[in-house]
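Colleague: Model the structure of this input:
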Amino acid sequence: MRGMRNHEGRDNMLGAIAGDIIGSVYEYDWNNIKTKAFELFSEASFFTDDSVLTIALADAIIGKNDYGQVMRRYYRRYPHAGYGGSFHQWAATPGSGPYNSWGNGSAMRTSPVGHAFDTLDEVLSKAEYYAAFTHNHREGIKGAQASAASVFLARKGASREEIRGFIEERFGYDLSRTLDEIRPDYRFDESCQGTVPQALTAFMESRDFEDAIRNAISIGGDSDTLACITGGIAEAFYGGVPEPIREAAMEILDEDLRTVVAAFYREYLARLCLKPTRHEVVEGMATVHSGW
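Modeller: Below you'll find the predicted structure:
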């Protein structure tokens, strides 16, 4: 276990939001770029459903409100953010239940869970709970849990190899392939199982936050979602989002979304600065290894 990094609560979910915005203009096969040399922000950059639903989850956690109702409220406020067809139908149909999705939407929106709860067991439980409002397929739940657990472990001081080992053992994801092996043949894949391992690998091979985002987008495919998942983990691991990236991302959000981001930050900053002991983190990882 590495020494504990003294940075919890600095940016919370801004890593995921920045990744989404940066990836927004590179999504889909016809916009993909298979290189790390690209402009981070442009006049065309925008926030997508990834940011909207991530912030909606933060809002639900802060207010202890029903996430289904909060998602529908955000959907009405931002109806053209780029939601999938099944989500459109669900959100526009009050009272409808989950639709057994294995899509990566459950994993893209879950980074607030990794910041807001105190133990790995609780993070895994809450990730399943919030995913299952829509994504109650086992793969959808697994993707959300893996993403949230990676954020939690990163902010608690786990090393890359400790995160990799936990994710591989608990969820069965293959993280052995390098980006150079993944990149040439990778195409748009909206499934958790075709997105989460790749996003994790982008983080694993990174040197810093910006490098992690560049790794994720260079894979191709669902670029905003890959970078959203990678960004959430990288922010927790590296101790925040670099100031220029943070400012650019916040500028693109509207005032309502910025207000929720700020409220989530205020709510969890103080309590997230409480450090676990090495024993507490290692013991927590060992306890949940056997529970899958």
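Colleague: nearest spatial neighbour of residue 124, skipping sequence neighbours?
Modeller: Leaving aside its chain neighbours, residue 124 sits nearest to residue 145 (5.1 Å; criterion: C-beta to C-beta, 6 or more residues apart in numbering). Quick note: C-beta positions are derived from backbone N, CA and C, even for glycine.
Colleague: The one you found: what's it in contact with?
Modeller: By C-beta atoms under 8 Å, 6 or more residues apart in numbering, the contact set of residue 145 is 123, 124, 127, 128, 131, 171.
Colleague: Same check on residue 102?
Modeller: Shown in contact with residue 102 (C-beta under 8 Å, 6+ apart): 135, 137, 138, 139, 140, 143, 191, 192, 193.
Colleague: still on that earlier bit, weed out the non-buried ones from the contacts of residue 145.
Modeller: When the contacts of residue 145 are checked for burial by 16 or more other C-beta atoms under 10 Å, the buried set is 123, 124, 127, 128, 131, 171.
Colleague: helix or strand for the second one, which one?
Modeller: So that's residue 124. Assigned by DSSP states H and E, residue 124 belongs to helix 120-131.
Colleague: Report the mean confidence score over that helix.
Modeller: The average pLDDT for helix 120-131 rounds to 99.
Colleague: any idea which helix or strand comes after that helix?
Modeller: Next helix or strand after helix 120-131 toward the C-terminus (DSSP H and E): helix 138-155.
Colleague: Taking helix 120-131 as reference, get the angle to that next one.
Modeller: Here helix 138-155 runs at an angle of 140 degrees relative to helix 120-131 (axes from the mean of the first three to the mean of the last three C-alpha atoms, to 10 degrees).
Colleague: Put the alpha carbons of helix 138-155 into CSV.
Modeller: Output in CSV follows, covering the C-alpha atoms of helix 138-155 (Å, rounded to 0.1, in the frame of the first residue of the first chain):
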residue,chain,number,x,y,z
ARG,A,138,-26.0,-8.2,-13.8
GLU,A,139,-23.5,-6.7,-16.2
GLY,A,140,-24.9,-3.2,-15.7
ILE,A,141,-24.6,-3.6,-12.0
LYS,A,142,-21.1,-5.0,-12.2
GLY,A,143,-19.9,-2.1,-14.4
ALA,A,144,-21.3,0.4,-11.9
GLN,A,145,-19.7,-1.4,-9.0
ALA,A,146,-16.3,-1.7,-10.6
SER,A,147,-16.3,2.0,-11.5
ALA,A,148,-17.4,3.2,-8.1
ALA,A,149,-15.1,0.8,-6.3
SER,A,150,-12.1,2.0,-8.4
VAL,A,151,-12.9,5.6,-7.4
PHE,A,152,-13.2,4.7,-3.8
LEU,A,153,-10.0,2.7,-3.7
ALA,A,154,-8.1,5.4,-5.6
ARG,A,155,-9.1,8.1,-3.1
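Colleague: Alright, that wraps it up for me.
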